[in-house]
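Trainee: Structure for this input, please:
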Amino acid sequence: MMIRPGPLNLITDVTGLRVGNASDPTLKSGTTVLTADAPFVASVHVMGGAPGTRDTDLLAPDKTVQQVDALVLSGGSAFGLDACSGVMAGLREAGRGFAVGDVTVPIVPGAILFDLTNRGDKNWDETPYSALGRQAFDAAATTFDLGTAGAGTGALTARHKGGLGSASIVLENGVTVGALVAVNPLGSVTTPGDRHFWAAPFEMEAEFGGLGPDPDAAYRAAEPSLKAKAMGANTTIAIVATDAPLTKPQCHRLAVAAHDGMARAIVPSHTPLDGDLVFGLSTTLAQTPMAPMAFAPLGDAAAACLSRAIARAVFEATPAEGDLLPTYR
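Mentor: Numbers count the residues shown, from 1 in each chain. Now for the predicted structure:
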C-alpha cells in the first residue's frame, strides 16, 4: 500500500502544514512548531514514563475542543513548555484561536524533551523558550532543516547525537501521511556496531544512508550509557499527520499506532525514564469515523513514517563545539 515518499519527504507534504525551527547553539537547545493554514483536529498518546506536556488533556477524545492551532516540540525540559506562550502570541496577533465570547484563545499543546545537561549554557536570567517559540512560529514554512535544528538541537541518543527528523508517505489512494520527531531517547537508534539503523527495513530512497538492515543484528538488553547516568534525561516526542478526514478519536488511534514505529527504531523504547509521546493530527475533521478497514493502512503508514523520521534525525545531525557524543556520520 505504501508507494513513495512525498515530494519533500517531510511532514509538510501533508497540504496546509508548516513547520518552523528556532535554535540557540550556545544554549544547545531549541524549539520546533507545527502549524497550519487553518485549525486542525488532533489527539495524543503517551507511552513513556516521564512525559512533560502542556494542554494535552484538551486532546482527549471526550474533551470539548475539537481543533487546535499549533503543536510545539521543544527542548528545555519543563522550562521549554514556555515556548507555547511565544507561539500563542504569534497566533493571537494573527487572530487565530478558540472563540470564547468576544475573546479568542489560541490552542497550542506542547511537549518537551530533557536537554539541560548537554553542556549548553543554561545560566539564563530570563527563560529563553518563549522567544524561541515565537521565532519558530514566525519561521514556519513548508521546508525546514533536519538534524541539529529546532527541538533536536541538543538532543542525544544512547551513543550518538540525536536531532530533528521528518518523513512522508503517499499511499496508493493519494492520501499523504507524515511524521515529525525530536529524538532524545535513553535507547539507541543503531544496532550493535553503530553502523546500521534499527529502522533500516522501512528506509526509502537511501534517506538515511542506504546500508540496509544489519545482517548480524540481534536483540540485546540496553547497555549502560552516558544517557543512562542522567536519570530521566531522555524522551522522544513526535507528531504524525495525514490529510485523510479523521475524527478526534481516530487521531488518537493514529498516535497509538505510530508508537509501533518508535519501538521499531529505538531500542529500548517507552522506558520509565523516557517521556515518549506522539501527537496524531488530521487537516480535515470528519463528521463520521472512517471505516476500520480503510483506517488501518493509515496507522501502518504512520508507524513506518515515524521509524524513518527517527533514523533521519540522527543521520542528519551535525557536530558542534562541546558535544557530549559524536554524530552518526
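Trainee: got any ranges where the stretch 201-329 of the chain has weak pLDDT?
Mentor: 218-232 (pLDDT under 70).
Trainee: switch the cut-off to 80
Mentor: 217-233 (pLDDT under 80).
Trainee: Return the set of buried residues in stretch 99-117.
Mentor: 106-117 (16 or more other C-beta atoms under 10 Å). The C-beta positions use only the backbone N, C-alpha and C, and glycine is treated the same way.
Trainee: Can you list the residue ranges for helices in this protein?
Mentor: 77-80, 83-93, 129-138, 226-229, 248-265, 292-315 (DSSP state H).
Trainee: Which one, of these, ends up nearest to residue 271?
Mentor: helix 226-229 (9.6 Å; C-beta to C-beta).
Trainee: what about residue 182, distance to residue 279?
Mentor: 12 Å (C-beta to C-beta, to the nearest Å).
Trainee: same deal with residue 213?
Mentor: 29 Å.
Trainee: And these two? Which one has more around it.
Mentor: residue 279 (30 against 15; other C-beta atoms under 10 Å).
Trainee: how near is the more buried one to residue 83?
Mentor: 15 Å.
Trainee: burial of residue 92, as a residue count?
Mentor: 14.
Trainee: If you count neighbours, what's buried in the strand ranked longest in the chain?
Mentor: The strand that spans the most residues within the chain, counting by DSSP state E, is strand 29-46. The neighbour-count check on strand 29-46 (16+ other C-beta under 10 Å) flags 29-36, 39-46 as buried.
Trainee: Next: stretch 197-204.
Mentor: Going by 16+ other C-beta under 10 Å, stretch 197-204 has these buried residues: 197-200, 202-204.
Trainee: how about the nearest residue to residue 272, chain neighbours excluded?
Mentor: residue 49 (3.6 Å; C-beta to C-beta, 6 or more residues apart in numbering).
Trainee: contacting residues around that neighbour?
Mentor: For residue 49, the contacting residues are 270-275, by C-beta atoms under 8 Å, 6 or more residues apart in numbering.
Trainee: Quick check on these: which are buried?
Mentor: Applying 16+ other C-beta under 10 Å to the contacts of residue 49 flags 270-271, 273-275 as buried.
Trainee: low-confidence ranges in the stretch 51-200 of the chain?
Mentor: Ranges of the stretch 51-200 of the chain meeting pLDDT under 80: none found.
Trainee: Quick check: residue 261 touching residue 302?
Mentor: Yes. Using C-beta atoms under 8 Å, residue 261 is in contact with residue 302, at 6.8 Å.
Trainee: Identify the residues contacting residue 136.
Mentor: Here residue 136 is in contact with 20-22, 30-33, 72, 83, 86-87, 150 (C-beta under 8 Å, 6+ apart).
Trainee: try residue 288
Mentor: Counting by C-beta under 8 Å, 6+ apart, residue 288 has contacts residue 247.
Trainee: what two of the buried residues of stretch 197-204 have the greatest distance between them?
Mentor: 198 and 204 (15.7 Å).
Trainee: ok, which stretches of the stretch 101-250 of the chain are strands?
Mentor: 103-105, 110-112, 163-171, 176-184, 235-242 (DSSP state E, counting those that start in this stretch).
Trainee: Looking at those strands, which is nearest to residue 308?
Mentor: With C-beta to C-beta as the criterion, residue 308 lies closest to strand 163-171 of the strands of the stretch 101-250 of the chain, at 4.0 Å.
Trainee: hey, what's residue 171 bridged with?
Mentor: residue 2 (DSSP bridges).
Trainee: And residue 305, how far from residue 178?
Mentor: For residue 305, the distance to residue 178 - C-beta to C-beta - is 6 Å.
Trainee: Count the residues that sit near residue 148.
Mentor: Neighbours around residue 148, by other C-beta under 10 Å: 25.
Trainee: So it is in contact with residue 321, correct?
Mentor: No. Counting by C-beta under 8 Å, residue 148 sits too far from residue 321 to count as a contact (11.9 Å).
Trainee: show me what contacts the closest residue to residue 145 other than its chain neighbours?
Mentor: In this structure, residue 145 finds its nearest non-sequential neighbour in residue 21, 5.9 Å apart by C-beta to C-beta, 6+ apart. Counting by C-beta under 8 Å, 6+ apart, residue 21 makes contact with 30-33, 136, 139, 144-145, 149-151, 164.
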